[in-house]
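Enquirer: sequence plus predicted model, see below.
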Amino acid sequence: MTDPTPEQLAADLVDLLDVEPLDTDLYRGKVGNDGFGRVFGGQVIGQALQAAQRSTDAPKIAHSLHAYFMRPGAEELPIIYRVVRDFDGRSFATRRVIAMQKGQPILNMACSLQAPEGGLAHQDAMPDVPPPEELKSDRDLRLAMMDEIPERFRHQFLRPRMVEIRPVTPRSWLHPVKQEPRQSSWFRVVAPIGDDAAMHRAILAYASDMSLLGTSSLAHGVSWMTHKLQSTSLDHSVWLHEDFRADDWLLYTTDSPWAGHARGFNRGKIYARDGRLVASCAQEGLMRLRE
């Protein structure tokens with residue numbers, strides 16, 4: 001069986017996040033195929049954001065979202081998204097989105113949208129890191145260690161992905177060591193996806209859940225592949241600052257200032273290639289090390 005082309009993978013991601021309207025403020029998200037049994041959190045966030053964006057008229061665009069994960073989603077079932085229109089003002093609109101499976105909520109999300117306007121501006125400088133062309137892709141790094149990967153992890157660990165990641169400092173999944181809880185990586189959709197800005201925002205929200213959660217575990221030299229580490233997202237926030245394209249390279253820098261009580265707190269900044277800070281993220285996740 002041959003691997004899908006980058007164009008097929010990119011089209012699959014757009015299709016996955018293109019929620020289907022069922023009724024006024026009611027949408028259905030498509031089923032993913034990661035094969036883990038539970039839904040990837042970034043998929044639920046991206047689909048929920050799309051539902052919120054679909055319920056709001058232009059020119060208002062999403063600038064922040066705050067989500068709480070309550071139950072693991074079943075990968076084989078579609079997700080129903082109910083939108084509640086809490087506020088519609090001249091400049092801002094606020095939406096609540098409830099993601100449900102089998103009649104039970106699996107995620108609650110609040111989203112704020114704003115009509116474009118100018119204002120005072122400043123930003124943190126983009127870190128000085130090697131460009132993506134000088135780095136190996138995450139998949140190439142994984143393929144290089146293929147013979148060491150336990151059989152039960154191999155298929156999922158090596159499968160082609162819809163978003164390409166190129167880590168600045170690759171982490172060791174098989175031989176983790178204690179290190180400063182900071183990491184940086186470039187990412188982008190593997191092929192062009194068109195000009196729908198709402199879709200690019202949804203894909204950034206999707207991808208923002210890929211590198212964030214594991215940052216806090218770096219300080220402790222543990223990995224889900226080598227330890228009995230139970231980890232999952234508890235909440236996730238994204239602030240969208242500037243326009244960007246998710247099929248152009250974006251730099252994701254993350255750090256973890258604290259962990260304790262079986263939780264790890266992580267922060268992230270996402271920069272466009274031209275140095276603009278286009279998004280910020282924060283997440284607290286379960287980090288439970290079992291005996």
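Expert: Sure thing, it's come through.

Enquirer: does Ile45 sit in a helix, a strand or a coil?
Expert: helix (DSSP: H, G, I helix; E, B strand; the rest coil).

Enquirer: hang on, isn't it packed against Ala62?
Expert: No. Contact between Ile45 and Ala62 fails when scored by Cβ atoms under 8 Å: they sit 11.5 Å apart. In short, each C-beta sits where N, CA and C put it, glycine included.

Enquirer: who does Ser184 bridge with?
Expert: Thr253 (DSSP bridges).

Enquirer: kindly report the same for the one 5 residues further on.
Expert: Note on Val189: beta-bridge partners by DSSP bridges are Val163.

Enquirer: state the distance from it to His200.
Expert: Using Cβ to Cβ, to the nearest Å, Val189 is found at 9 Å from His200.

Enquirer: also Leu158?
Expert: On the measure of Cβ to Cβ, Leu158 and His200 end up 28 Å apart.

Enquirer: quick one: low-confidence parts of the chain?
Expert: Applying pLDDT under 70 to the chain flags residues 1, 34-36, 152-157, 173, 224-225.

Enquirer: let's go with 80 and repeat that
Expert: The model of the chain has pLDDT under 80 over residues 1, 33-37, 142-158, 171-175, 223-228, 291.

Enquirer: show me where it has its helices.
Expert: Counting by DSSP state H, the chain has helices at residues 6-17, 41-54, 138-144, 151-158, 197-207.

Enquirer: can I get the shortest one in CSV, CA atoms only?
Expert: The C-alpha atoms that make up helix 138-144 are tabulated as CSV, following Å, rounded to 0.1, in the frame of the first residue of the first chain:
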residue,chain,number,x,y,z
ASP,A,138,9.9,14.8,12.2
ARG,A,139,8.9,11.9,10.0
ASP,A,140,12.4,11.5,8.6
LEU,A,141,13.8,11.5,12.2
ARG,A,142,11.3,8.8,13.2
LEU,A,143,12.0,6.7,10.1
ALA,A,144,15.7,6.8,11.1
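
Enquirer: next, the buried residues of that helix.
Expert: Asp138, Arg139, Leu141, Arg142 (16 or more other Cβ atoms under 10 Å).

Enquirer: ok, now which ones touch Ser208?
Expert: Gly42, Ile45, His236, Val238, Tyr252, Gly268, Ile270, Ala279, Cys281 (Cβ atoms under 8 Å, 6 or more residues apart in numbering).

Enquirer: my read: the third one touches Ala67, true?
Expert: Yes. Taking Cβ under 8 Å as the definition, His236 is a contact partner of Ala67 at 4.9 Å.

Enquirer: so what sits against both of the two?
Expert: Common neighbours of His236 and Ala67 (Cβ under 8 Å, 6+ apart) are Ile45.

Enquirer: more neighbours: which of Val189 and His200?
Expert: The neighbour count for Val189 versus His200, taken as other Cβ atoms under 10 Å, is higher for Val189 (25 against 20).

Enquirer: what's the end-to-end length of stretch 263-282?
Expert: Across stretch 263-282, the terminal residues are separated by 13 Å (Cα to Cα, to the nearest Å).

Enquirer: mind listing what's buried along that stretch?
Expert: For stretch 263-282, burial by neighbour count (16+ other Cβ under 10 Å) applies to 264-273, 277-282.

Enquirer: please work out how many residues are found near Val129.
Expert: By other Cβ under 10 Å, neighbour count at Val129 equals 16.

Enquirer: ok, now how distant is it from Asp12?
Expert: For Val129, the distance to Asp12 (Cβ to Cβ) stands at 29 Å.

Enquirer: and the strands in the chain?
Expert: 20-23, 26-29, 61-69, 79-88, 92-101, 104-114, 163-167, 182-189, 229-240, 250-260, 263-272, 277-289 (DSSP state E).

Enquirer: can you give me the angle the longest one makes with strand 61-69?
Expert: Calculated by axes from the mean of the first three to the mean of the last three Cα atoms, to 10 degrees, strand 277-289 forms an angle of 0 degrees with strand 61-69.
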